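J.: fold the following for me, if possible:
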Amino acid sequence: MKKTVLAALALAALPGMAAAETVKWLCVQKNVANREWVMKEMVLIQETEFDVWLVFDGVTKHFTGGSVPADVKRDGQTVKLKWDVRTQGSRARRATVSYSATFKIDQGKIQISAAPRGYDNSTNIGGTCSKLK
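T.: Residues are numbered from 1 along each chain as shown. Predicted coordinates:
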């Protein structure tokens, strides 16, 4: 059920991209503690014609209302993604969380890191991705 809801929400965030082939990946991270910037589940959306990637998870949904575009560097079956999410907490505190991920498509493995800019703490978590149908 969660997979279907995440996929539906991610697709709803893609107006105008229906003409090109879209590949969706569900990535499940292991050992995610509460209050981490990396969510247990995330959907990667690839528009294949121009190799455009979007990221959708609980953080992007909460702070942007949908998915966010990622900068892409590709080396064969390895895709390196970078994206930022601007956050706002209580008392109007704002921060930008910088993310990077290395996705090895042929192995279905992903390594994600997240760090709020201006702070020393960061999160590094690995997981696996499978193609959604």
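J.: which stretches in this structure count as helices?
T.: 2-12, 58-64 (DSSP state H).
J.: mean pLDDT lowest for which of the ones you listed?
T.: Sorting the helices of the chain by mean pLDDT places helix 2-12 lowest, at a mean of 47.
J.: bridging residues for the residue most central in space within the chain?
T.: With distances taken as CA atoms, centre = their mean, residue 55 lies nearest the centre of the chain, 3.4 Å away. Beta bridges link residue 55 to residue 44, residue 68 when assigned by DSSP bridges.
J.: now it: how far from residue 65?
T.: Distance of residue 55 to residue 65, given as CB to CB, to the nearest Å: 14 Å. To be clear about C-beta, it is placed using only N, CA and C from the backbone, and glycine gets the same treatment.
J.: try residue 122
T.: For residue 122, the distance to residue 65 - CB to CB - is 25 Å.
J.: find the nearest non-adjacent residue to residue 58, please.
T.: Among residues not flanking residue 58 along the chain, residue 39 sits closest, at 4.6 Å (CB to CB, 6 or more residues apart in numbering).
J.: so the one you found makes contact with residue 61?
T.: No: using CB atoms under 8 Å, residue 39 makes no contact with residue 61, being 9.3 Å away.
J.: which one of these two has more residues nearby?
T.: Counted by other CB atoms under 10 Å, residue 39 and residue 61 do not tie: residue 39 has more neighbours, with 21 against 17.
J.: all set, thanks.
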